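**Student:** Attaching a predicted model along with its sequence, questions to come.
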Amino acid sequence: MSPGTIPARLKRWIFFWTPLTWLVLELIMFPKDRPLSSGLANVMGGFVDKRIGSYPAWTLWASAIVLVVAGVRARRTQEEDSRVPRVLFAMAVVTSIWAWAQMGFTQLDLSGRESGYSWLFQSVLVVLAAVLVWVWAAEHPERTELAIWNTREIWRLYRASWQGILGLSILLFFAAMALLAPFLASHAWLSPNAQVSQTGFAAPSLHPYLLWFGSDEQGLSVLAEFVWSARISLFVGLLATLITTVVGAGAGIFTGYYGSWIGEVGMRIVDVFLVLPWLPFAMVLAAAWGQNYAIIILVIAFTSWAGTARVVRAGVLSVKESPFVERARAIGSSNVHIMGKHILPNVMPLIFANAVLTVAIAVFAETTLSFLGLGDPLNFSWGTMLEHVFNAGATQVPSATAYLLAPGIAVVLLVLAFNLMGTSFDEVLDPKLRRREDSGGEIHLRDDTAPPVPVWAGAGGDAGGASLSGDGGPGGLS
Amino acid sequence: MDKRRYFTRKVLNAVLTIILVACFNFMLFRILPGNPARLLLPKGHYSALALEKQMKVFHLDRPLWQQFGYYWVDTLKGNFGDSYAQHQPVIQVVGRALVPTLVLVGVGTLFATIIGIVVGVIAGWRRNHAFDITATNLGMILYSMPTFWVAMLFILYFSVKLGWFPTGRMADVGAVYTGFVDRAGQFVHHLFLPAFVFAITYAAEYELIMRSSITGVMNEDYALTARAKGLSPNKVLWGHVVPNAMLPSVTLIMMNFGFVLSGAILVETVFNWPGLGLLAYNSMLARDYPVMQAVFLLASVAVILFNLIADVMYYYLDPRVKA
């Protein structure tokens, strides 16, 4: 069989995104504890460091299982001589060997995360993923064309709003900072005996670049803390959003689709979570469970999934009545099939736009909880930095102004970025708001049975969501 | 819908939600991973006798289903046990903190609502004019600011650098007043900064809600009709657009009132304002679970009540509900 031909544009995309993805993944795994004075050779050596390997083995096993399931499904649904399942199985095999290596081959430690060749496994997997896209595209030319067209169209619409571009630029800036943290300021500068100034609260100065934002109460570099905080703040925000979105969208689809008593009971539960005042609730949970980021992520997800569920449910309620759902039901499709193949794709834009806004909430919530002292005391996030600022009484010290400003401005910019991006996505994905004439395939995202409750009624309080859906009105009565 | 049916349904809903939240509160402190006794009993050096007394107060020596019964009886009686940190009944501790919070939140919310609605109406009406662009972008930025950070900035600038306002608390330590006017003046002086921080962060949110509501209504057919009839712009705005735009905004703002305690926690913590928020923060640091339990329940009930009020207002504001 020939490798198959794919559109030139997709080829270009693959050749551009594969190395970039590889670089990002390698940077995520890059060892934190590089020596303070690392020459270029030393830095490059980090990419093939024997100690690299930051994913616990169980996550790799989970991925391997997902890949096997996908492969089996592909074997059933794809053409007889399709190569898609083969690539998927190959990825599953590589992932399993990697997971096994992380467990230490003989110790079988599911949380193990040390293996000398993670960088190699990861590189192979990235290449295999690129091959997968290539093979799939070669076997499905029409769908590929459609996907390319859709992507370009969405990007074209998104690009048209300056808010979207501004938000994306801010996000890319902080993402780059987070990824390049080991090169910007070694992790060693965070250790309690790595003072950069004689006294605490040194004023900012240009010369040692570590003093750009001055020093903290112990004389440690604020810049180093700031740079490494970006990782935690982004990571916690994104992971909490992932959980929130999966749980919330699942609950929304479920309660929306089953209108009978099952949906009613589900909706009651969602209602209870909607009225829980999120901050006292999160404080109770975090105080009872302990202080680390896993807890914070769970707490954020726990308090914000209901908002997503409510929004998604409203979307499902209107999609449910469409002719294509009726048709699917008439020809005897199962409920699971209808929910997965008809409802989900149609509320996907809604889920996506909501997820972008949820990141803003999650970053905000993480900052707030960390500020209240519920964050991991061993790590730095912008919220933790602000907690130190507050507890050390830095508001009384004029030379510590930069120490107070830097993390706060970063949070504001990041939250603003996600709010701007969410608003732009809303505009792109909601045909009603598009500044073009065509309004084909319009989805009404409104729930007529309840008083209008837009996204921001979600988690309530300060982090209470942020659907600033430009011209749409807060879910006004239609 | 029939009025009685509408209200019965809403009230029943609210009562049901309160019951569910109260059950949740019970579970939160007793069925969470970890020994319930560990959470509800004080840490540190306590005599066996005190521990036993605490076990008795929360009926932790009984089986779970009996605890559940006692929990309901105690909650309805307002008996939440004793605070570990302050060695007083929780109900007294909470009661003392209630008034300062109500004053702070009340004043802050009042200004937030007025500023937010007025600016939002003007911004929505003069859409894409200089005022709108300034107000909306400023609102977006303010809305993205953590409340506690704004509070710290204000302390740094207005209290420390300029010395215009005290850095916190409700009154100076050991202050001596010459009379009621002096005392009231001092109080307002202390209240100003926290209430201001509270007001501007919420005003930003309300402004954005109001603005998008106005712009939405202005695209409706009846707004176009009103303009086509030749009504003056002022009449169109105040007679046709604003009343319709107020509808969703006011209910939304009303619902938000329930959540102001979350904002109060942050503002009160930074300004050391002796209200419910600071109480929640301190009891969290001291792991004073009886107090946390009461504050959490109170905060949840506030949200539910304001939701109910929003529903009631909705009925009177929106003629379509009655139809």
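**Tutor:** Now that the structure is in, tell me what you want to look at.

**Student:** Any residues of the stretch 51-200 of chain B in contact with chain A? List them.
**Tutor:** Along the stretch 51-200 of chain B, the residues adjacent to chain A under the rule Cβ under 8 Å from any Cβ of the partner chain are B:140-141, B:143-149, B:152-153, B:155-156, B:160-161, B:167. Any C-beta I mention is one placed from the backbone N, CA and C, and that applies to glycine too.

**Student:** and if we set it to 6 Å?
**Tutor:** Residues of the stretch 51-200 of chain B lying close to chain A (Cβ under 6 Å from any Cβ of the partner chain) are B:144-149, B:152, B:155-156, B:160.

**Student:** I'd like to know how many residues surround A:E79.
**Tutor:** For A:E79, the neighbour count with other Cβ atoms under 10 Å in any protein chain shown is 9.

**Student:** the longest helix in the chain is where?
**Tutor:** In the absence of a named chain, chain A is used. helix A:222-257 (DSSP state H).

**Student:** Can you look at chain B instead?
**Tutor:** From DSSP H, the single longest helix across chain B is helix B:180-218.

**Student:** on that earlier part again, so which elements touch the longest helix of chain A?
**Tutor:** helix A:162-179, helix A:181-184, helix A:261-275, helix A:293-320, helix A:344-371, helix A:382-391 (3 or more Cβ pairs under 6 Å, 6 or more residues apart in numbering or on different chains; DSSP states H and E).

**Student:** how about it: buried residues?
**Tutor:** A:222-245, A:247-257 (16 or more other Cβ atoms under 10 Å in any protein chain shown).

**Student:** how far is it from where the chain is centred?
**Tutor:** 5 Å (Cα atoms, centre = their mean, to the nearest Å).

**Student:** And stretch B:100-111, by the same measure?
**Tutor:** For stretch B:100-111, the separation from the chain centroid amounts to 9 Å (computed by Cα atoms, centre = their mean).

**Student:** Residue of chain B closest to chain A, please.
**Tutor:** Residue nearest to chain A within chain B (Cβ to the nearest Cβ): B:G216, separated by 2.3 Å.

**Student:** okay if I get the residues of the stretch 51-200 of chain B next to chain A as TSV plus pLDDT and secondary structure?
**Tutor:** Converted to TSV, these look like this (pLDDT from 0 to 100; DSSP: H, G, I helix; E, B strand; the rest coil):
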residue	pLDDT	secondary structure
B:S144	86	coil
B:M145	89	coil
B:P146	88	coil
B:T147	87	helix
B:F148	89	helix
B:W149	90	helix
B:M152	88	helix
B:I155	86	helix
B:L156	83	helix
B:V160	79	helix
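
**Student:** out of the residues you listed, which are buried?
**Tutor:** Buried among those (16+ other Cβ under 10 Å): B:144-149, B:152, B:155-156.

**Student:** distance of the residue of chain B closest to chain A from B:I209?
**Tutor:** As judged by Cβ to Cβ, to the nearest Å, B:G216 and B:I209 stand 11 Å apart.

**Student:** Next: A:W134.
**Tutor:** On the measure of Cβ to Cβ, A:W134 and B:I209 end up 48 Å apart.

**Student:** Compare the two (neighbour count), which wins?
**Tutor:** Remark: of A:W134 and B:I209, B:I209 carries more neighbours, 27 against 19, as counted by other Cβ under 10 Å.

**Student:** And the buried ones among the residues of the stretch 51-200 of chain B next to chain A, which is closest to A:A175?
**Tutor:** Distance to A:A175 across these (Cβ to Cβ) is lowest for B:S144, with 17.8 Å.

**Student:** So the closest one is in contact with A:V415, correct?
**Tutor:** Yes. Here B:S144 lies in contact with A:V415, judged by Cβ atoms under 6 Å, at a distance of 4.1 Å.

**Student:** ok, the residue sitting nearest the centre point of chain B - contacts?
**Tutor:** Centroid-nearest residue in chain B: B:V260, 1.7 Å away (criterion: Cα atoms, centre = their mean). Residues near B:V260 by Cβ atoms under 6 Å, 6 or more residues apart in numbering or on different chains: B:V105.

**Student:** now swap in the one 4 residues further on and tell me
**Tutor:** Contacts here follow Cβ under 6 Å, 6+ apart; on that basis B:A264 touches B:101, B:105, B:277.

**Student:** On the three-state scheme, it is what?
**Tutor:** Following DSSP: H, G, I helix; E, B strand; the rest coil, B:A264 is assigned to helix.

**Student:** what number of residues lie near A:T199?
**Tutor:** Considering only other Cβ under 10 Å, A:T199 is surrounded by 11 other residues.

**Student:** Could you look up the SS state of it?
**Tutor:** Secondary structure assignment for A:T199 (three-state DSSP): coil.

**Student:** Look at it and report its pLDDT.
**Tutor:** Per-residue pLDDT puts A:T199 at 78.

**Student:** count of neighbours near the nearest residue to it once chain neighbours are set aside?
**Tutor:** What sits nearest to A:T199 in space, not counting adjacent residues and going by Cβ to Cβ, 6 or more residues apart in numbering or on different chains, is A:G219, at 6.3 Å. Each residue near A:G219 was counted by other Cβ under 10 Å, and the total is 18.

**Student:** ok now do A:G219, which residues does it touch?
**Tutor:** So A:G219 contacts A:195, A:197, A:200 (Cβ under 6 Å, 6+ apart).

**Student:** Helix or strand with the lowest mean pLDDT in the chain?
**Tutor:** Defaulting to chain A. The weakest-scoring helix or strand in chain A, judged by mean pLDDT, DSSP states H and E, is helix A:40-45 (a mean of 48).

**Student:** Correction: the question concerned chain B.
**Tutor:** helix B:36-40 (a mean of 55).

**Student:** Just the CA atoms of stretch A:188-200, as CSV, please.
**Tutor:** Taking C-alpha atoms only, stretch A:188-200 is exported to CSV below (Å, rounded to 0.1, in the frame of the first residue of the first chain):
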residue,chain,number,x,y,z
ALA,A,188,17.4,26.3,42.8
TRP,A,189,16.7,30.0,43.3
LEU,A,190,13.5,29.0,45.1
SER,A,191,15.3,27.1,47.9
PRO,A,192,15.3,29.0,51.2
ASN,A,193,19.0,29.6,51.3
ALA,A,194,19.4,31.0,47.8
GLN,A,195,19.2,34.7,48.9
VAL,A,196,19.9,37.3,46.2
SER,A,197,19.9,40.2,48.6
GLN,A,198,21.3,40.9,52.1
THR,A,199,18.1,42.0,53.5
GLY,A,200,14.4,41.2,52.9
